[in-house]
Structures are given as C-alpha cells and as structure tokens.
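1. quick one: sequence and predicted model below, then my questions.
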Amino acid sequence: MRTEYEPVIGLEIHVQLSTRTKMFCGCELSFGDEPNTHTCAVCLGLPGALPVVNERAIHFGLMIGLAFGCDIAERSEFHRKNYFYPDLPKGYQISQYDQPLCRGGEVGDVRIHRVHLEEDAAKLNHLGESGRIHGSGRSWVDFNRGGTPLVEIVTEPDIRSPEHAREWLTLLRTTLRVLGVSDVNMAEGSLRCDANVSVRPVGSTELGTKTELKNLNSFRFLERGLRAEIRRQIDLLQAGEPVVQETLHYDPRSDRLTPLRSKEEAHDYRYFPEPDLVPVLATEEMIAAARAAIPELPADRAARFERELGLSAERARLLAFRSELGDYYERAVAADGEDPVGLANWIPQLVERIGPDANPAESSVAPESLATLAAMVAAKEVSRDAAREVLTLLVREGGDPRTIVEREGLGALSGEGDGLAEIVQRAIESDPAAAAQVRSGNRKALGPLVGYVMRETKGRADGGEVTRLILERLGPS
Amino acid sequence: MTELIDLTAAQAARGVQTGEIGAAELFEAYRRRAAGEELNAFLWVADSPAAGGSPADRPLGGVPLAVKDLFCTEGVPSQAGSRILEGYRPPYTATVVAKLTAAGAPLLGKTNQDEFAMGSSNENSGYGAVLNPWDRGRVPGGSSGGSAAAVAAGLAPWAIGTDTGGSIRQPAALCGIVGLKPTYGACSRYGMIAFASSLDQAGPLTRDVTDAALLFRHMVGHDPCDSTSVEFPGQVALPVAEDLRGIRLGVPEELTGDAGGVQSGVRESFEATLNLAEGLGASVEPCRLPHAPHALSAYYLIAPAEASANLARYDGVRYGLRVDGDADLITMYSRTRARGFGPEVKRRIMLGTYALSSGYYDAYYGTAQKVRTKISEDFRVAFEQFDFIATPTSPWTAFELGSKTDDPLAMYFNDFCTVPMSLAGIPAISIPSGLSEGLPVGFHLAGPAFSESRLLDVAYALERAIGFDGRVART
C-alpha cells in the first residue's frame, strides 16, 4: 500500500519595525534613498563605536509579545552572533539568543515559539550576471538598511499545508499592521519569511528530517515554494531515499530549490552575551504602556463580528484578517446596520469586482453606497441579480445606487404596478405542462416558470415574489 | 621660576589660571619635547592646541594631554597601535577625550601602545617598542606604555590610557608614575577602540596623585552613547589626607605570597610602604581572596573571547588596511588580517575563537565567567573587613627589551596582581613606592566600586610619606 504523507511546517518571519531610527543608533530608517546616506559610526561598525538599544523597538517588541499572548521576559539579553560577511560591518550581528524578549503565545491556530529583537544586515549589490557574490566582479554595500530593527517570530511546527501557511501569514501580517509596528511589505522586504519543512506518514507523531527554505518573499512564493519542497521530500521518501537536512533557496522562476550552503561552510556563530549592552529589563510600566497601545486585533475582531453581528466564522475571518475589508465593512454597518449579515455578503461581491488585492476604501464605491444597496435588496426594492449589476456600475463610475437603479430602470417589479402579474400569467400560459404539475403539488416544476419570468424581466423581478404570484394562481384551490 | 616641565599638571593649570604662565608657552614647551623625543612614546604630535575658549577660565587650565592611540580623535590618526588601522583618521572623538578637551586639556599627541592594548611591555606595537625613560634598554610596561613613558620622561604633563587587565597600572609602576584604573562604568568607553568590552576602562596616568584626581574628575559621568557607563556618585574629591588613621588595609596572601613570584626588591619596597602606612595610622592585616590565583586563567579566556568579536570588524571592507584577494572575498579577508595583525593579536583571536566555539563554550568561556563571579564575591567579602586591598602592582620592575617576548605565559604573569580587580570591575591605583636597583616599583591599592575619592586620598597620604622623586627620568 502506498503511504500517505502530511507536511509539517514551521515559519520564521523577520519583520522590520517601523521605528523612526535604527536599532542601536540614531540614524533614520529609509527605503530607496541614495545609498549610504543614513549611516553613522555605530551602524558602520567604526572602531570605538558602541550600540545603544532603541527603546521604541523594545516597546514594539512588547506590543507584539502581548498581542500574541507570549510570556514576556522580565530580563532579556542581547548576544553577539559572529560571522564574517561584507553586509555585517562589525563581524557580528547583535541579536537575542537564549534569553529572548518573548516566548510562547499563539496567533490564530498556530503556536508561537519565540519572538526576539535583532538588527538587520546591510544590503549587498553585486555586479555581474549571477547577482550573487561568487563570480561577481565587484560588489557594493549599502549600509542604509544596516541596523534596522527586526523582530524574528518563530512558530511551532503547527502548519499543515501550503494554503494554511499562506492564510496564517496573512493573519500575521494583518495583526502586525493593525499593531502599527511595521509596514509588513513583502516586496520591500519589511516582512521576510523562511520555512522549516518536513513530511511524515499521516498518523505519525514523529517529525521527519526538516529542510529550511529561504527566499519565500511573497505569499505566492511561500505557497509555491512549500508545495515544491513537500513534493520533493515525498518523492525522495517514496523512492526510499533520505531527506537531507539542509538550507534551500527557492527560485520562483524555475520553481526549483537549490542548496544554499554546503555543510562544510556551516557556521559556528559563537554566540556570547553582548558586553556593550546591559540586559533589557521589562518593567511593569513598560508592559502597561505596551498593553495600552494595542488596538483590537484581527482574531478578536473576527470573534466580535461573529458574536455581535452574527456573521459566520468563515465570513468573519475573511473580513477581519484583512483589516481594510474589516474597516470598510464596519463603516458600511455604521451607515446602515439593519442587516449586518446581508451586508457582509456584499463585500466578496465588491472584492470580486475591484480585484483581490485592492483596498475597497480606495474604490469608487463608498461604504455608505454599499450599505444602501444592501438595504434596497433587503427591502426588495431591487432584486439580487439587478443589485449585482448596480454594483458593477458603482465600481465603474461611483455615485448613488438609488440614482443608478432609477436611471437604468432596474427597480424590482412588483405584482401590482409593474405588470409582473401579466408576465406571470404569460409564463403559465406558455408552459401548460409545468403549470399542471405545479397545480398538482410538484413544486419542482416551478423552476421553468420562474425562469421564464426572470428572462422576461431581465432579472429585475424578485424570485420570492414571482413564486408567490405563481402559487397564488396555481395553488390548490 | 622653576622650569615649566618641573611643575605638576595641577600646578601648571593653576599657573595658567592665575596668569603666571601662558597657555601657549606651556603647550609649546611640551610640544617641542614630544616632537623631539627618542623613546618612541608618541605616534603623532599636534602642531598647536585646537582652537577653543580661553584655557585660563577652564578647570584644566590649558595643560596639554597625551592620549593613548586607541582613543578616537576626529581627523587625527587613531590606530590602536595596529598596522591594520595605519593612517586611520576617525570622523568623531571619543567621549572622554572630548570631555577633557572641553575642560581645558588640549590634545598634545597620540601615544604608542601595544597593538589593540594586548601586551604588558609595549613590544607588541605595530609601530615599534617604547623605551623606558629610566633605562632605555628596558620596557615601559604596557599596554599604555607610550602614555606612561611620556609622563615619566616629562614629554607630557599628563596622559590618559586604558586598563583592561593592568594596562594603566603596570606601565605606571614600571615608569615610576601614578596610574588609576577606575570602576568599570565610571568613564565612557565610547570612542575607545575596544579590546575586551567588559573590562576596558579609561583612566589617568600622571606625575602625582593630585594630578590623577584632577584629570579623573573631568573624565567621569554617564554617557548616553555607552549603555555600560553610569553617573559617578558625587564629584571626585581632590586628595587632602595627611594621615591614615582608621584605615584598614588588607594584604591578600594569594597575591603577595610565594606563588606571586615577586622580586625581592619589589617585596622590600612593598613591605616598607606597608610600614609607612602603619606609621600613618593605618592597620595592616592579611586577608583572603581565595579565587584570585585563578584570575589570570579566567582573564585569558574572557578577554580574548570578547576581542575575537571586537576585532572582527577589521576585515578590509570599509576602512584600514585591505590586501586584495584575487577577486575572492575569503582570500581578501585572510590576507588583510594576516598582514594587518601582529602575532600576539592573532594568538588572542585564536584563543578567544576557540573559547567560544560550539562544544567548548561551557568548559572555557562559561567556566571563566563563573570564576569571575567568585572573584567579585571574594572582594565583596574582603571589603566587609577592610577598606582597601594592597598588593605590589607588578611582580617585577621594568625588564629588558626582548627578555619575555618568546614566553607569552611569563609576559601574561605581569598582570597577576592587577587582573583580579579588573574582573571585579573595582577601582585600583598604582603609585611609585621607591626604587629597586634604580628602577621604580609600584604599590597597588584597590577599593570597592566608586571608592575612587577615598582611594585617591589614601594614595595621596602615602605618596607624601614616600616622597618618591621621579626627576631623573625627565632629564
């Protein structure tokens, strides 16, 4: 029998904090500025320069830890992580090691292992075709990025599929964005993701040999890279070959994974406590200030949408995990809160029309307009089908839904005034066989009759109303 | 009027402040001596005092200052005695130097030192050995050997150096001057080219105790650029004590017994000074520092471990020496560091790298840190019973050039008495206690953290009683 395998995935996420200045000096953070214009003795690693911890970065770290429900270390320490590379001006990175700021906690359905603070490396630019340092004729170092505050978030291996990884990373990104601690922009590198992947036979509780995947720097690459690696590992195991523990680089162009470092080059980082810094003592005041700065988080917002507005769990997550959708929805509810569940159904309709990554607040559909449209549907002033058409027009040209309904003549037809009764009568006359079946109690035969009316009215009639009118005429007398 | 160079720095400052001496004349007198010296004490000498306010209005009165090479001084070579930083001119000035300049001590020059402060004889300088002004065939001690020799020879009125395991006190002893290693954290380390960050401290090297107190007063204070610096409690007092009544001196057996290998002349001078102290009213009793004999071993793991990281930045990428590597990064690194560092620096980088390596960390670095804690605890217990601890500064007087260069362990033994205080982070001072066969001997006193004012006071009373005459070295 063929063995079924399941993947076991843990993520390591590096997030640049949006503090004003760098982790250990007063240089301002920047992106895309003239190279080496945001540097000083400290972030260039000049002789004699000393680091000083950015208190704002600690504050952000505490906010993240508290938001994730982590245990906050009363006393945490920075270490030196030693290795030589041109993007590392001191020859070591100041990072937290065995005494991180935060441990434990969870985000959604994934447990957090730890959250710690460190400094980013500088940016290397290599001349030459490979774009990598080996074989490059000349390389430049841009120290603007060097020393940017980073938090590293390490999850437990709780993720079970590439889709799960993608959905969870979306939640994490929204949570960090809502916290206001980072731009979380994967394209600009303010959020970077590595993954630890292994596979095991379904039902097994032991972990297989893991590999580390680098360069999963978009949601799409995360999902594709994971899928490629899981396939590679399962193929190996099914061929009776072992998975080798190694670090792999995902190349999205070829959809291939190549080993990043060979074992011979494996680093011994020789961590030891950074003697230029004193331990970080998280006082009660600091923790209270961080707690007070935390707004409502996506997971809490989803729970509130379920509890207070009656949304399904799935719909609540969809809206809350993308804060721009949640914000838009709440503005619409504020405009007309009669039927929040019905209103929520219109958000995916809107997303479908403006594109999956667009912010509805930047579309030409005002949340108040969407609320009006939803209320019109609820009041049967416009049919659902016609309302979809109205929404398409709203996306295209903006404006007020009532005006559009009026102008386009899309208002719902009612039995009395708009000749709907006559169309129903014609439907019955055009299909006597179906009419006879309905009359004898077979409601399935309603379909063709209702369809006829809808075609004739171009969808403006309300399905419920049409059914009522048909039954009124054909009902068992 | 006496010759300018016969005045102590404090006397000269007072002279400038009262208008008896011209600051420009004072600077020029020392500048000429520093520029024409033959001890190789200076690596760079200023042409003129940097422009600033009127020296007469300032507490240090325009008395020029010699500064150890490893203090960064803006636009002025700051090479830490290493060829890897040859010609390196930093874009900023070390906090301590900036404070002293602002207080009225203009930069006279940069003094020679053991490369990256690693050495006890100044023979590890990338720019040649410094000669001891008492005997030019002998070493001045190290690593602040240039600063010590300059002050002893009257090439500078006063100087600053750094002490990691004895690098101010031992050369002060070997050159017959006063050297103070402050409490760790008393002075900012910002701009000091690092050797071992948890041990390095700046301090004064001066002709007498009053000069040391005056200079030190303007060095202390918390620096927002150095997280390990702290506010000094109160102002540093200028010493006034005339006797030592009520002072309890402890003499640790572990550092003064046979294990120390102390030269007989050094021992005689030490005991004579203890007798003087008793004569001044102090009590002198043996005390115990049970873990002190392990201090050297712990020190030679911790200091190289920190150094191995601190010196990683000298990679040829951004500043200093670069030896190209045939378009290969790793080769560039190794060629640059092979040529730029001297043998002692390489030895310590290797030692430190090894001590931190995976699988060895606990046995070496981890154990050394435990020993360090024990040593601090020993001092804490001792200071419940004693005000100060007394030892010889160095087991030996100045030794001949080249006599210990082939034996690193013998060289390391120079710091046998000074390293325990460094590991404990407590202040200690060396004052000249006399001569042995024509060479100066240092007397070493250590006190609890931030006891510098009292320590200087005791040293001052002893200094007056000893009546050491260093004039011969200035001829």
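-> Received it, and whenever you're ready, just let me know what you need.
2. contacts, neighbours, all on C-alpha from now
-> Will do.
3. where does the chain have its least confident helix or strand?
-> I went with chain A, as the question did not name one. helix A:463-474 (a mean of 82; mean pLDDT, DSSP states H and E).
4. nope, chain B
-> Per-SSE averages on chain B (mean pLDDT, DSSP H and E): minimum helix B:408-412, a mean of 90.
5. and that one, how far out from the chain middle?
-> 18 Å (Cα atoms, centre = their mean, to the nearest Å).
6. for the stretch 1-150 of chain A, list the residues in contact with chain B, please.
-> Proximity of the stretch 1-150 of chain A to chain B is confined to A:41, A:45-52, A:80, A:82, A:84, A:86, A:89-92, A:134, A:137-138 under the rule Cα under 8 Å from any Cα of the partner chain.
7. drop anything exposed from those residues.
-> By neighbour count, with 16 or more other Cα atoms under 10 Å in any protein chain shown, the residues of the stretch 1-150 of chain A next to chain B hold A:41, A:45-52, A:80, A:82, A:84, A:86, A:89-92 as buried.
8. so which elements touch the helix or strand just after the least confident helix or strand of chain B?
-> Sequence order places helix B:419-424 as the next helix or strand after helix B:408-412, per DSSP states H and E. Helix B:419-424 sits against helix B:295-310, helix B:367-385, with contacts defined as 3 or more Cα pairs under 8 Å, 6 or more residues apart in numbering or on different chains; DSSP states H and E.
9. show the average pLDDT along helix B:419-424.
-> Across helix B:419-424, pLDDT averages out at 98.
10. so which elements touch the helix or strand just after that helix?
-> Along the chain past helix B:419-424, the next helix or strand (assigned with DSSP H and E) turns out to be strand B:428-436. Strand B:428-436 sits against helix B:169-175, strand B:178-181, helix B:264-279, strand B:439-446, helix B:452-466, with contacts defined as 3+ Cα pairs under 8 Å, 6+ apart.
11. which residues are in contact with the spatially most central residue of chain B?
-> With distances taken as Cα atoms, centre = their mean, the residue of chain B nearest its centroid is B:I168 (1.7 Å). Neighbouring residues of B:I168 by Cα atoms under 8 Å, 6 or more residues apart in numbering or on different chains: B:142-144, B:148, B:161-162, B:179-181, B:203-205.
12. check the closest residue to chain A within the stretch 1-150 of chain B and give its pLDDT.
-> Per Cα to the nearest Cα, B:C72 is where the stretch 1-150 of chain B lies closest to chain A, at 6.9 Å. We have a pLDDT of 98 for B:C72.
13. now swap in B:T2 and tell me
-> pLDDT, B:T2: 58.
14. is A:F24 in contact with A:D120, as I believe?
-> No. Using Cα atoms under 8 Å, A:F24 is not in contact with A:D120, being 10.7 Å away.
15. what touches both of the two?
-> Joint contacts of A:F24 and A:D120 (Cα under 8 Å, 6+ apart) are A:G147.
16. which helix or strand contains the closest residue to chain B within chain A?
-> Nearest residue of chain A to chain B: A:G48, at 4.0 Å (Cα to the nearest Cα). According to DSSP H and E, A:G48 maps onto no helix or strand at all.
17. so what are the domain limits for chain B?
-> Per automatic domain parsing, the structural domains of chain B span B:4-242+B:461-474, B:293-367.
18. which of those domains sits most buried?
-> domain B:4-242+B:461-474 (a mean of 24; mean count of other Cα atoms under 10 Å in any protein chain shown).
19. related to what we said a few turns ago, in strands only, show me the buried ones among the residues of the stretch 1-150 of chain A next to chain B.
-> Of these, the ones assigned to strands by DSSP state E are A:80, A:82, A:92.
20. pretty sure the first one contacts A:D98?
-> No. Applying Cα under 8 Å, one finds A:R80 not in contact with A:D98, separated by 11.5 Å.
21. picking up where we left off before, so can I have TSV of the ones in strands among the buried ones among the residues of the stretch 1-150 of chain A next to chain B showing distance to B:P59 and pLDDT?
-> Converted to TSV, these look like this (distance: Cα to Cα, whole Å; pLDDT from 0 to 100):
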residue	distance to B:P59	pLDDT
A:R80	41	98
A:N82	44	97
A:Y92	41	98
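22. out of the residues you listed, which comes closest to A:G337?
-> If you rank those by distance to A:G337 using Cα to Cα, A:R80 comes first, at 55.1 Å.
23. in contact with the closest one, which residues?
-> By Cα under 8 Å, 6+ apart, the neighbours of A:R80 are A:92-95, A:270-274, B:309.
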